[in-house]
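J.: Build the 3D model from these lines:
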Amino acid sequence: MLKAMKPDRTTRPGRPKTSPLSRREQLRLAKRAQRERERDAGMVVVPLKLAAHDVERVRAAMARPEFARRLRGLLDDTLIEIAAHENLAALCWNRRDRYLGAEEAFRLYERNWRLVDQRGMKPAERALIERLAARYGNGVLNV
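T.: This next block holds a predicted model:
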C-alpha cells in the first residue's frame, strides 16, 4: 500500500527564495521603508471622511497632474498663516491656531484696524488685505 506523500515545501515550484525572511515580513519591511521615504520627503497621510459620491470624485481628481497645485491654491485662498503676517500675528496674540480662515482674518482686520501698523506694513500683507477686501468686502475695507 502506498502512502500519500506531502509535498516538500523546499522544492515548491515558483520564484526562488532570495531572502531568509518570510514573504509577509519582506512586505512589512518594504512598506515601512516606503513610509519612511515619504515622511523624509514631507508626505503625510491624512484620514478624511467624505460622502461616498464625493470619494469617487476626489480619487478621480487626485489622478490628475494639476491636482496638488490646485489644492494648494484652494488652501491659500481659504486659510491664512498667522505667523506670516506681522499685524495679523499681533491681532491674534490670544489664539493658538497656526491658520485662520480667510473671511475670519478679513473681519479681524476690519474690527481692529485702529491697532494695525499701516506705515510699517509689508507689501505682502498689504496685498493680502486688498485680496481679502476684494473677496469678502466687495472691494471695501470698512474701517
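
J.: Check which helices and strands the lengthiest helix in the chain sits against.
T.: Counting residues, the longest helix found in the chain (DSSP state H) is helix 23-40. Packed against helix 23-40, as judged by 3 or more C-beta pairs under 8 Å, 6 or more residues apart in numbering; DSSP states H and E, are no other helices or strands. Using the backbone N, CA and C atoms, a C-beta is placed for each residue, glycine as well.

J.: what number of residues lie near Phe106?
T.: For Phe106, the tally of surrounding residues (other C-beta atoms under 10 Å) stands at 22.

J.: where along the protein do the strands fall?
T.: 79-81, 99-101 (DSSP state E).

J.: Could you identify which of those is most buried?
T.: strand 79-81 (a mean of 17; mean count of other C-beta atoms under 10 Å).

J.: How about residues contacting stretch 80-91?
T.: 92, 95, 97-102, 105, 108-109, 112, 115-117, 120-122, 124-125, 128 (C-beta atoms under 8 Å, 6 or more residues apart in numbering).

J.: Pull up the distance across that stretch, start to finish.
T.: Using C-alpha to C-alpha, to the nearest Å, the end-to-end distance of stretch 80-91 comes out at 13 Å.

J.: re earlier: so which of the strands of the chain gets nearest Ala133?
T.: Smallest distance to Ala133 across the strands of the chain (C-beta to C-beta): 13.4 Å, for strand 79-81.
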